[in-house]
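# Sharing a model prediction with you, sequence too.
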Amino acid sequence: MLNIPSISNLLFQHTSSFIGSSKEPSITPTRNTPMIYTEGTYFGLDYSIVSLNPDKINFTFLQESEAQDNETNPANNSIVFNGGYFNDQRNPDGLLIYDNLPYSQISDKKVMSGVFSIYNGRARIDRSVSFTPNRNVNFAIQNGPLVIEHGERGILSDTENEFERTILATDYSGNAFLVIIKTPVDLYDCQDLLIDKIPNLDSALDLDGGPSTYYRYHSSTSTASFGTLGYPAYFIKASIK
């Protein structure tokens, strides 16, 4: 009898990789496997990477109460993670677009240097000054700094600001990658992990980190999480269409 994998296993893959392993699993998403969860340790840094095929994934905005509901009743084949910086009213401090509609406006603050967006089923990261919203942008979030820009390192010196990190990255094929680094690290030092672990890496954008670092991933076979809900002001949910 042939051992045919279930549809849920095809859609959502959970793998693990560790430094020094002789054969690490592929983390490049495909049409049949649009979401892949990978975790491991890289030179003392514990990390999780969720690879996403934007053509098969919905990105939506969640308020804190909705994220709390997700902790109790997590949506299958999905991941919820913290958003970007926020203001004193706990609203996004920078551009946020979802369902093709702007929720907040673009910021001209220097630190808000990049925009991650989904455009015609492809993920991309642009400099904020170059980004022009249009009706084909399904989702966009502004934050910073740019950690990697078109294959080049964006952080050129160690600031010794070591925090847990939430990072969105893209490859040259238009795939998206959520990277959670659970060990406090400077953005300068986390660049090696991004370059080594994300095949064909194009760009990477820092989201809010430190106590805001949060994710909860759920599939039909497993659940993984990091951080707590109390600090982030808003959240992003990525789920299979």
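On my side now, so go ahead.
# Going by C-alpha atoms from here, please, whenever you check contacts or count neighbours.
OK.
# Which parts of the protein are helices?
According to DSSP state H, the chain carries its helices in the segments 7-11, 64-72, 187-197.
# Compare the ones you listed and say which comes out lowest on pLDDT.
When the helices of the chain are compared on average pLDDT, helix 7-11 comes out lowest at a mean of 44.
# Same list (the helices of the chain) but as CSV, adding mean neighbour count and distance to residue 37.
Listed next are these as CSV, based on neighbours: other Cα atoms under 10 Å; distance: least, Cα to Cα, whole Å:
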stretch, mean neighbour count, distance to residue 37
helix 7-11, 15, 11
helix 64-72, 14, 18
helix 187-197, 17, 13
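# between these, which gets nearest to residue 140?
Taking Cα to Cα, helix 64-72 is the member of the helices of the chain nearest to residue 140, at 19.0 Å.
# between the helices of the chain, which one is nearest to residue 234?
Of all the helices of the chain, helix 64-72 sits nearest to residue 234, with 5.8 Å by Cα to Cα.
# Show me the contact partners of the closest one.
The contact list for helix 64-72 (Cα atoms under 8 Å, 6 or more residues apart in numbering) reads 80, 216, 229, 232, 233, 234, 235.
# ok, now which ones touch the last one?
Spelled out, that is residue 235. Applying Cα under 8 Å, 6+ apart, one finds that residue 235 lies in contact with 61, 62, 63, 64, 67, 80, 81, 82, 83.
# Return the member of these nearest to residue 206.
Distance to residue 206, by Cα to Cα, is smallest for residue 83 among the contacts of residue 235, at 10.0 Å.
# what are the bridge partners for the closest residue to the closest one other than its chain neighbours, then?
Leaving aside its sequence neighbours, residue 83 sits nearest to residue 235 (Cα to Cα, 6 or more residues apart in numbering; 4.8 Å). Residue 235 has the following beta-bridge partners by DSSP bridges: residue 62, residue 82.
# Could you check the pLDDT of residue 235?
At residue 235 the predicted local confidence, pLDDT, stands at 97.
# Show me the shaky parts of the protein.
Using pLDDT under 70 as the threshold, the predicted model of the chain has low-confidence ranges 1-25.
# still on that earlier bit, now the helices of the chain as CSV including distance to residue 47?
Formatted as CSV, the entries for the helices of the chain read as follows, by distance: least, Cα to Cα, whole Å:
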stretch, distance to residue 47
helix 7-11, 22
helix 64-72, 21
helix 187-197, 9
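# Compare the ones you listed and report which one is nearest to residue 222.
With Cα to Cα as the yardstick, what comes closest out of those is helix 7-11 (10.8 Å).
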